[in-house]
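Enquirer: What follows is a predicted protein model with its sequence.
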Amino acid sequence: MHETTGLPKVQMVDISEKPVTRRVARAMAKVAMNPETAKLIQEGKIPKGDVLATSQIAAIMAVKGTANLLPLCHPIPIENVTVDFRFDGSSSLIIAVEVASTSKTGVEMEALTGAAVAALCVYDMCKAVEPGMTIEQIALEYKAGGKSGEFRGA
């Protein structure tokens with residue numbers, strides 16, 4: 001317990017004894033927008049520039065910087081990041097971020113952070129055109145590796 005507050009102390013999980021294994025995680029985010037905004041993105045006509053390329057770079061940077069954002073997240077070597085975009089119907093952009101590492105802990109927080117920041121970047125790039133866009137969903141779709149094994153989201 002914390003000496004001053006009486007609340008439980010915060011601490012990182014000790015991973016020093018865990019084996020190094022290949023870890024993979026995939027997360028997604030959904031950005032809902034008007035069909036007109038989606039069309040402008042697809043045609044490369046958003047005033048700030050290429051929304052998908054910029055958001056891809058933002059996702060990769062976020063994955064690599066996750067341990068600097070989340071205080072109890074371990075810094076780990078990132079070996080691969082893939083970022084994919086697809087339009088679901090005429091007005092929702094689905095962002096998928098997959099991360100791979102060979103380390104002692106999983107990469108799900110890195111994948112989730114990458115998807116979230118990519119969605120935020122889409123919003124930032126398009127807010128002048130449509131300030132009412134919404135980020136509706138950020139979710140872990142898949143993870144594998146380590147003691148807990150495989151997870152598949154809904």
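Expert: Noted; the coordinates are in hand. All values reported here derive from a predicted model rather than from experimental measurement.
Enquirer: Please count neighbours and contacts with C-alpha atoms only from this point.
Expert: OK.
Enquirer: ok, G146 - contacts?
Expert: 19, 21-23, 104-106 (CA atoms under 8 Å, 6 or more residues apart in numbering).
Enquirer: show me where pLDDT drops low in this structure?
Expert: Within the chain, the set of residues satisfying pLDDT under 70 comprises 154.
Enquirer: end-to-end on stretch 20-39?
Expert: Distance between the two ends of stretch 20-39: 45 Å, counting by CA to CA, to the nearest Å.
Enquirer: Heading C-terminal from whichever strand or helix holds R22, find the next helix or strand.
Expert: According to DSSP states H and E, R22 maps onto strand 21-32. Next helix or strand after strand 21-32 toward the C-terminus (DSSP H and E): helix 35-42.
Enquirer: by contact count, what packs against that following helix?
Expert: Applying 3 or more CA pairs under 8 Å, 6 or more residues apart in numbering; DSSP states H and E, we find helix 35-42 packed against no helix or strand.
Enquirer: That one relative to strand 21-32, how many degrees between them?
Expert: Here helix 35-42 points in a direction 130 degrees away from that of strand 21-32 (axes from the mean of the first three to the mean of the last three CA atoms, to 10 degrees).
Enquirer: outside of the helix or strand that helix 35-42 is followed by, which residues touch it?
Expert: Where DSSP H and E defines the elements, the next helix or strand beyond helix 35-42 is helix 51-64. With contacts defined as CA under 8 Å, 6+ apart, helix 51-64 is touched by 41, 44, 78, 81, 83-85, 97, 99, 110-111, 113-119, 121-122, 125-126.
Enquirer: For this structure, which segments count as helices?
Expert: 35-42, 51-64, 66-69, 108-126 (DSSP state H).
Enquirer: Quick one, which of the ones you listed gets closest to E141.
Expert: When those are compared by CA to CA, helix 108-126 sits nearest E141, at 9.4 Å.
Enquirer: What residues sit buried inside stretch 28-38?
Expert: Neighbour-count burial for stretch 28-38, with 16 or more other CA atoms under 10 Å as criterion, is recorded at 28-33, 37-38.
Enquirer: Just name the closest of those residues to A139, please.
Expert: Nearest member of the buried residues of stretch 28-38 to A139, counting by CA to CA, is M28, at 5.5 Å.
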